[in-house]
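Engineer: When you get a sec, could you give me coordinates for this:
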Amino acid sequence: HLATSLPLPSERDHLRPRIDLIAFMIDIKSKYSLKNVEASLAHVDASFFLGKVCFLVTGVGRVNYCSVETNAVWKLRDVYCSPVLYCELELEGIRVATAQRLLRMLQICAGHIPGVSALSFGSLMRNSEDE
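Structural biologist: Numbers count the residues shown, from 1 in each chain. Below you'll find the predicted structure:
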């Protein structure tokens, strides 16, 4: 399911499936997308930041057109203890690899991968970012 911002409308709460992963998309070319993500973060329950949130940064192949500072993205990563995935949606191979990575993260967050929890996976993601 996709939403352009949070909070989600409450009139459909009874129809909404369980939320296992929230991927916030930030377009590196749009300060508005960063502001929208920052405003939406206030509506996320604190328990989701234990491995069930990630930031997907798009447009990274266009460094000359960046409107969002990389430091701002890193600050979100650090403040919310959530991994950051960088991708270029215009390149099919990268788009497919990113979709597969998000799907794997979702499977883990939903509890479909035995022996791996969202919290432990989130820790592994953060450790690999530091290297």
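Engineer: L85 belongs to a helix?
Structural biologist: No - assigned with DSSP: H, G, I helix; E, B strand; the rest coil, L85 falls outside any helix and is strand.
Engineer: what about the closest residue to it other than its chain neighbours, helix or strand, and which?
Structural biologist: Distances taken as CB to CB, 6 or more residues apart in numbering place L56 nearest to L85, at 5.1 Å, with adjacent residues excluded. Glycine gets a C-beta too; all of them are placed from N, C-alpha and C. Using DSSP states H and E, L56 sits within strand 53-58.
Engineer: just I19 next, same as before
Structural biologist: Judged by DSSP H and E, I19 forms part of no helix or strand.
Engineer: Kindly report the same for M25.
Structural biologist: strand 22-27.
Engineer: for that strand, packing partners?
Structural biologist: helix 31-41, strand 53-58 (3 or more CB pairs under 8 Å, 6 or more residues apart in numbering; DSSP states H and E).
Engineer: The last one versus strand 22-27: what angle between them?
Structural biologist: Angular relation of strand 53-58 and strand 22-27 on a 0 to 180 degree scale: 20 degrees, by axes from the mean of the first three to the mean of the last three CA atoms, to 10 degrees.
Engineer: How about the contacts made by S117?
Structural biologist: S117 makes contacts with 51, 108, 111, as judged by CB atoms under 8 Å, 6 or more residues apart in numbering.
Engineer: Filter those residues down to just the ones in helices.
Structural biologist: When those are checked against helices (DSSP state H), the matches are I108.
Engineer: Would you write a PyMOL line that selects the buried entries of the contacts of S117?
Structural biologist: Here is the PyMOL command that selects the buried residues among the contacts of S117 (16 or more other CB atoms under 10 Å):
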select buried, resi 51+108
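Engineer: Kindly reformat the contacts of S117 as CSV containing pLDDT.
Structural biologist: Output for those, formatted as CSV (pLDDT from 0 to 100):
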residue, pLDDT
G51, 84
I108, 88
G111, 87
